[in-house]
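**Student:** Need a 3D model of the following:
(chains A and B)
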Amino acid sequence: MPPIVQGLITIVLGVGGCIAYFWASNLVLDRYIFPPRGPNAGRNINRANQIRPWLFLFPAIFALGLYLAYPVVGSFIRSLYDRSGNTFIGLGNYQWLLGEGEFRQAVFNNILWALFVPAGSTFFGLIAAQLTDRLSWGNIAKSLIFMPMAISFVGASLIWKFVYAVDPEIGIINAFRAWAFGSDPLDPLQVSFWNNFFLMFILIWIQTGFAMVILSAALRGIPEETVEAAIVDGASPLQVFFRIKVPQIMGTIVVVWTTITILVLKVFDIVYTMTGGNFGTQILPSYMFEFMFRDDGRATAVAFVIMLIVSPVMIWNMVQTRKEMR
Amino acid sequence: MDNIAGQKSSLGWAVNIAVVFMVLVWVIPTVGLLVSSFRDRDQISASGWWMAPFSAEQSYRARAGSEPTSSDAGLYVVEGNLFDESDATGTISAFGTRAVDPGEFAVGETAALGDDESLVVNADGTYRYVTPEEPGRRGQRIYFLAETPPSFSLDNYRTVLGAGGMGQAFINTLTVTIPATIIPILVAAFAAYALAWMQFPLRGLLIALVVGLLVVPLQLALVPLLKLHTEIGIGRSFVGVWLAHTGFGLPLAIYLLRNYMVGLPRDIIESAKVDGATDFQVFTKIVLPLSFPALASFAIFQFLWTWNDLLVAKVFLPDGDSAMVMTRKIADDLLGSRGGDWGILAAAAFASIAVPLVVFFTMQRYLVRGLLAGSVK
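**Tutor:** Sure thing, here's the model as predicted:
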């Protein structure tokens, strides 16, 4: 069966199945189990209303449980076994990881990523938001800066492979160096330590648009009186920006920063496509893939380390939400 | 904000220049890729894409004819046109007989090659080769530099979409993306309504859980779920990818949609209930149509995310061309086998980002609205 036909059938089955489930389950509830008529009409309506939320929620809870909650436990348990999955070795995989130079390198690089990518994206996003807000062609500029959001990490990596290419006839960076300083071409991706930053810049390039859009909405939400009052008091534009505007949108900056941090900890494609983790650019997600399909024990152990790093953000998010609900 | 007192006009220039610079940095890499995708291999290695509108100097190799066209005082003369002997076009700027120095002699200059041999090449490609001995079966080798005018073609795209296998990968990507976009929307919309407008115990806890799950790295899911898929007989297949994308997309979907639905006017929903509508009717007839902007924005997100995904496809789809999506085709296949073939790589990348870019530029308004609904209160 050609995949396109298979795809069409699944769309019909999947979407149809979903609709059928919601429609039929509510029908059964209202018509047969607790019909809103007869001697117990009032009581039946109340009972139906107690059950209905769970009908609405069931598929979502099921999928969330299976694809996100269960793996947290499942991965942890799997990480306690050896590569074949038969022998229980306790924390052996974690112990082994700690002794690995490449693992330590990956953790170190991951920390760099988690520090610099959100900082860079938020910084450039904030500048772009502030500067484009005053321009007549600001919306066009915003669209162009936002555009990389639509490009896959693989596509973006390929785009930057061109920019970083060694051959000065292909790579614009080496071409510029040759033109301006007459220097010999070098491979930016093999300059140890700094190559991490060249990779990070790709993600910053992608995420700046996201930060810009949200921060620009926040900037627009600042009441004009405070800004005007500052100007009347003789504040310079820079003072207005850093002393008046930035503090007022601090909440949004934190949200943007957190969102990008989470993304950084999940990202895999850029390192995988650009260097494959070579030349000292390994990060945890790409390091995990080294063991994928070969040693599930170690792969899950790396995955669980990523989970441990993310969990403070997770708990903070949940506490924050519960606070807002009250 | 434009006419605030004290705004200095001198800053206007600086702002404009700064934004122009930033936009250039953000756009140039993509433009370079786009330009490269229309150039052929030789041109790419001869000049940078930023020189693409200008003619480039390239070196070529040809052989003089082996049949003497005339003889002159005991010397054999071979005449002809180098453009007929090679695939070069344009005008010749220099020539030579050694590969290491293809530009040894200027055009029109008579090059003495020793043993009374001589060679003249003109800019229009005509040459005259004089030799005392009968030319061998294979003519004299001539290297030359030619100014080739810029040329753009769709050849790279033809190669990539046809023989390159990207056509099949394109269809596979669509097959993954469409169900993986629609199913989570449906499931999430019902759940979001329940979390926004229905009263039941544990509601607050459930919302907090959804927010927590937003953060779970999907790396965690790969090993246990692949094992589960194999055990229940799905294995590595399209169905598995659809289910995985549904699961991974749900927290964001529920979160975005719930935030939006909570903001809907309470009186509409309550008056519908007073009129005797059940929750199911309220949802399908009132809330769903009113939530269109939020549904659209999540649809765009999920579409972009599934279209651009590499990791889930790598793990949950079988290896081999019949189920390879475009990102994987580029990352695993083309970068390996055609690592130096920049034109092909550029065309492949553009084939894969064309659809998201179109979606992005036509639906940008909804995308931004969705982002704002999700992250700014």
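**Student:** show me what contacts whichever residue of the stretch 151-300 of chain A sits closest to chain B?
**Tutor:** The stretch 151-300 of chain A approaches chain B most closely through residue A:152 (3.3 Å), counting by Cβ to the nearest Cβ. In this view, the C-beta of every residue, glycine as well, is placed from N, C-alpha and C. Taking Cβ atoms under 8 Å, 6 or more residues apart in numbering or on different chains, we find residue A:152 in contact with A:269, B:307, B:308, B:309, B:310, B:327, B:352, B:353, B:356.
**Student:** what does the stretch 251-377 of chain B put close to chain A?
**Tutor:** Residues of the stretch 251-377 of chain B lying near chain A by Cβ under 8 Å from any Cβ of the partner chain: B:251, B:254, B:278-280, B:283, B:304, B:307-311, B:314-315, B:322-323, B:327, B:330-331, B:335, B:342, B:345-346, B:348-349, B:352-353, B:356-357, B:359-361, B:364, B:368, B:371-372, B:375-377.
**Student:** Apply 7 Å and report the result again.
**Tutor:** By the rule Cβ under 7 Å from any Cβ of the partner chain, the part of the stretch 251-377 of chain B lying against chain A is B:251, B:254, B:278-280, B:304, B:308, B:310-311, B:315, B:327, B:330-331, B:335, B:342, B:345, B:349, B:352-353, B:356-357, B:360, B:364, B:368, B:371-372, B:375-376.
**Student:** And the residues you listed, which of them are buried?
**Tutor:** In terms of neighbour count (16 or more other Cβ atoms under 10 Å in any protein chain shown), the buried residues within these are B:251, B:254, B:278-280, B:304, B:308, B:310-311, B:315, B:327, B:330-331, B:335, B:342, B:345, B:349, B:352-353, B:356, B:360, B:364, B:368, B:371-372, B:375-376.
**Student:** residue with max distance from the center of chain A?
**Tutor:** residue A:39 (54.3 Å; Cα atoms, centre = their mean).
**Student:** what's the neighbour count on residue 239?
**Tutor:** Using chain A here. Each residue near residue A:239 was counted by other Cβ atoms under 10 Å in any protein chain shown, and the total is 14.
**Student:** that's the wrong chain, I meant chain B
**Tutor:** Neighbour tally, residue B:239, other Cβ under 10 Å: 18.
**Student:** Which helix or which strand is home to it?
**Tutor:** Using DSSP states H and E, residue B:239 sits within helix B:238-262.
**Student:** tell me which strands and helices that helix is in contact with?
**Tutor:** Helices and strands touching helix B:238-262, as assessed by 3 or more Cβ pairs under 7 Å, 6 or more residues apart in numbering or on different chains; DSSP states H and E, comprise helix A:3-28, helix A:41-64, helix B:166-197, helix B:203-213, helix B:292-308, helix B:311-316, helix B:342-375.
**Student:** Ok, which of these comes nearest residue A:276?
**Tutor:** When these are compared by Cβ to Cβ, helix B:311-316 sits nearest residue A:276, at 13.3 Å.
**Student:** Using CSV, write out every CA atom in that closest one.
**Tutor:** Extracted C-alpha coordinates of helix B:311-316, given in CSV (Å, rounded to 0.1, in the frame of the first residue of the first chain):
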residue,chain,number,x,y,z
LEU,B,311,14.6,12.4,16.7
VAL,B,312,11.1,10.8,16.9
ALA,B,313,11.3,9.8,13.2
LYS,B,314,14.8,8.4,13.7
VAL,B,315,13.6,6.2,16.6
PHE,B,316,10.1,5.2,15.8
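**Student:** In space, what's closest to the residue in the stretch 151-300 of chain B positioned nearest to chain A - neighbours in sequence excluded?
**Tutor:** Proximity of the stretch 151-300 of chain B to chain A (Cβ to the nearest Cβ) peaks at residue B:247, 2.4 Å away. Spatial nearest neighbour of residue B:247, excluding adjacent residues (Cβ to Cβ, 6 or more residues apart in numbering or on different chains): residue A:67 at 2.4 Å.
**Student:** what do you get for residue A:204?
**Tutor:** residue A:120 (4.1 Å).
**Student:** for the one you found, helix, strand, or coil?
**Tutor:** Recorded secondary structure, residue A:120: helix (DSSP: H, G, I helix; E, B strand; the rest coil).
**Student:** ok, it to chain B distance?
**Tutor:** 13 Å (Cβ to the nearest Cβ, to the nearest Å).
**Student:** how far away is that residue from residue A:86?
**Tutor:** Relative to residue A:86, residue A:120 is positioned 45 Å away (Cβ to Cβ, to the nearest Å).
**Student:** Now do the contacts for the residue in the stretch 1-150 of chain A that chain B sits nearest to.
**Tutor:** Proximity of the stretch 1-150 of chain A to chain B (Cβ to the nearest Cβ) peaks at residue A:67, 2.4 Å away. For residue A:67, the contacting residues are B:221, B:225, B:244, B:247, B:248, by Cβ atoms under 7 Å, 6 or more residues apart in numbering or on different chains.
**Student:** what about 10 Å?
**Tutor:** B:213, B:216, B:218, B:220-221, B:224-225, B:228, B:243-251 (Cβ atoms under 10 Å, 6 or more residues apart in numbering or on different chains).
**Student:** In PyMOL, how would I select just the buried ones from those?
**Tutor:** Per 16+ other Cβ under 10 Å, the buried members of the contacts of residue A:67 correspond to this PyMOL selection:
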select buried, chain B and resi 213+216+218+220+221+224+225+228+243+244+245+246+247+248+249+250+251
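**Student:** Heading C-terminal from whichever strand or helix holds residue A:211, find the next helix or strand.
**Tutor:** Per DSSP H and E, residue A:211 falls inside helix A:194-220. Proceeding N to C from helix A:194-220, the next assigned helix or strand is helix A:224-232, under DSSP H and E.
**Student:** hmm, back to that, verify the contact between the residue nearest to residue A:204 and residue A:211 for me.
**Tutor:** Yes - contact criterion Cβ atoms under 10 Å: residue A:120 and residue A:211 qualify, at 9.4 Å.
**Student:** So between those two, which is more surrounded?
**Tutor:** The neighbour count for residue A:120 versus residue A:211, taken as other Cβ under 10 Å, is higher for residue A:211 (28 against 20).
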